[in-house]
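Novice: This is a predicted model, with the sequence first.
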Amino acid sequence: MTKIGVLGLQGAIREHIQSIEASGAEGLTIKRKEQLDEVDGLILPGGESTTMRRLIDKYDFFDALIDFGKQGKPIFGTCAGLILLANDIVGQDHAHLQLMNMKVERNAFGRQKDSFEAKIDISGVADDFEAVFIRAPYIVEVGDNVEILATYRGNVVAAQQGTFLCSAFHPELTNDHRFTNYFVQLVEEVKKTLASS
Ligand code: GLN
C-alpha cells in the first residue's frame, strides 16, 4: 500500500493522517528523518512556519527534506507547509526549503480575516471545495513552471509545480477529502514511475 508521511514536529497532524487514510493510503507521522525512507510522499502540515523551521533544524530534518523532494517524491505543503516550500517570502531575507518557485506572504489576509471558510474551485481537483483558512498565507508571484490551481478573491491559494503541491488553506479539516485524494493519486503515479526507472 502507498504510504504517506506527515511531518510530525508541530501543527495539524492527526487530521492529515485521517484524511490520508480516508483516501485509501496508509498515513505515518514522521518524527525522525530516517522514517522518510519508509514513505512515498510527504505532507508538511499547517502550524507556525517559524516554529516548524526551528524544529526542522533542531531534529536535523533540513537536508533530508530537500533530498526527499529532489529524489522526485511528492510533497504537499498546507498553510505553514506552503510557506516552507516557497523560495521567497515577503519581508524575510531567508526562505526555507525553497523547493517551489513562488513568492508567498505570511498572514496575508490580515487580522480581521484571521480565520474564515470559503467555497473555492480547485482546477482539476474539486469544484465547490470548502476551504478553511487560518492565519493563512497566499502566493503573490509564481514562476513559469508553477501551475495555479485555485484563487480566492484574486489571490493565489493553491498551486502545483510537478511533484510539489501546496495550499494556503487546510484541506484536512473537513470531511471533504478530494484534495488529499488528488495528492494520494499523484503519489501513486510517481511511485510507479520511480519503481520502473
Ligand atoms: N501564519 C502561519 C505561519 O506564518 C501559518 C498558519 C497556518 O498554518 N494555519 O506560519
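Specialist: Okay, I see it. Quick caveat: nothing in here was measured; it's all calculated off a predicted structure.
Novice: Chain neighbours aside, what residue packs nearest to residue 128?
Specialist: Once flanking residues are discounted, residue 128 sits nearest to residue 119: 5.2 Å by C-beta to C-beta, 6 or more residues apart in numbering. C-beta here means a position set from N, CA and C on the backbone, and glycine is covered the same way.
Novice: which SSE is the residue positioned nearest the centre of the chain in?
Specialist: Nearest to the geometric centre of the chain sits residue 77, at 1.2 Å (C-alpha atoms, centre = their mean). Residue 77 belongs to strand 75-78 when assigned by DSSP states H and E.
Novice: isn't residue 115 right next to residue 134, touching?
Specialist: Yes: with contacts counted by C-beta atoms under 8 Å, residue 115 reaches residue 134, the gap being 4.7 Å.
Novice: between the two, who's got more neighbours?
Specialist: It is residue 134, of residue 115 and residue 134, that has more neighbours when counted by other C-beta atoms under 10 Å, with 18 against 11.
Novice: measure the more buried one to residue 79 for me?
Specialist: Look at residue 134 and residue 79: by C-beta to C-beta, to the nearest Å, they are 7 Å apart.
Novice: Now do the shared contacts for the two.
Specialist: In terms of C-beta atoms under 8 Å, 6 or more residues apart in numbering, residue 134 and residue 79 are both contacted by the residues 46, 170.
Novice: Now for residue 182, how many residues are close by?
Specialist: Neighbours around residue 182, by other C-beta under 10 Å: 20.
Novice: Mind listing what's buried along the helix or strand harbouring it?
Specialist: Per DSSP H and E: residue 182 is located in helix 178-196. For helix 178-196, the buried set under the neighbour-count rule, 16 or more other C-beta atoms under 10 Å, comprises 179, 180, 181, 182, 183, 184, 185, 186, 187, 188, 190, 191.
Novice: got it, and stretch 92-103?
Specialist: Within stretch 92-103, the residues scored as buried using 16+ other C-beta under 10 Å are 95, 96, 97, 99, 100, 101, 102, 103.
Novice: Kindly identify which of the residues you listed also come near the ligand.
Specialist: Checking the buried residues of stretch 92-103 against the ligand by C-beta under 6 Å from any ligand atom, not one of them is in range.
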